[in-house]
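Asks: Fold the stuff below for me.
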Amino acid sequence: MPVTFRTVAEFKDSAGTDLGAGDWFTMTQGRIDDFADTTEDHQWIHVDAERAAGSEIGSTVAHGYLTLALIPRLSSELFTFDSSGRAINYGLDKVRFPAFVRPGDRIRARGRVKWTRGTSGGGVLGCVRYTIDIEGSDTPACVADALMVAFPA
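Replies: Residues are numbered from 1 along each chain as shown. Predicted coordinates:
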């Protein structure tokens, strides 16, 4: 069950809150191929299964930016805003891709509110640390400090 912030004040008071983990999500080669088409990044490690299988990598792998781009989908299971006017992405402080995500891997997001602070105009700027786990691996696929601003209704 996602954490629900009923007001921006609740979000502001949430620094240090563990948001838990979402459900597992399966990465497919089709999704990797679609992302390659969208970004025009057709590097062989993503789209050439035969060549990738013969390399030290051993299979195709998802683009790191694909894993990052799935954070909104994966984080929707961690928290929601109720009665706030809107929440917008503000950017990223730090992103790392410690491990490959391969077709067939199952990934999920874990989250923690690192810090929050008020902004002019009554909004709240917050940093959420997302860790994207790979099922069966001790090394995450992605660790990202994402910034968002929540505005009151």
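
Asks: what's around residue 126, how many residues?
Replies: 23 (other Cβ atoms under 10 Å). All C-beta spots, glycine's among them, are computed from the backbone N, C-alpha and C.

Asks: Distance of the residue nearest to it when sequence neighbours are not counted relative to residue 150?
Replies: Of all residues not flanking residue 126 in the chain, residue 116 sits nearest, at 4.1 Å (Cβ to Cβ, 6 or more residues apart in numbering). To residue 150, residue 116 is 9 Å away according to Cβ to Cβ, to the nearest Å.

Asks: Next, show the common contact partners of those two.
Replies: 11, 124, 126 (Cβ atoms under 8 Å, 6 or more residues apart in numbering).

Asks: residues touching the closest residue to residue 140 other than its chain neighbours, list them.
Replies: Nearest non-adjacent residue to residue 140, counting by Cβ to Cβ, 6+ apart: residue 131, 4.9 Å away. For residue 131, the contacting residues are 109-111, 140, 142-143, by Cβ under 8 Å, 6+ apart.

Asks: Any buried residues in the longest helix along the chain, and which?
Replies: Across the chain, the longest stretch assigned as helix under DSSP state H is helix 29-39. By 16 or more other Cβ atoms under 10 Å, the buried positions in helix 29-39 come out as 29, 32, 35-36.

Asks: closest to residue 76 among those?
Replies: For these, the minimum distance to residue 76 (Cβ to Cβ) is 18.9 Å, reached by residue 35.

Asks: how near is that closest one to residue 65?
Replies: Separation of residue 35 from residue 65 (Cβ to Cβ): 8 Å.

Asks: Helices along the chain, start to end?
Replies: Counting by DSSP H, the helices of the chain are 8-12, 29-39, 44-47, 49-53, 64-69, 71-75.

Asks: right, so of the ones you listed, which gets closest to residue 21?
Replies: With Cβ to Cβ as the criterion, residue 21 lies closest to helix 71-75 of the helices of the chain, at 9.6 Å.
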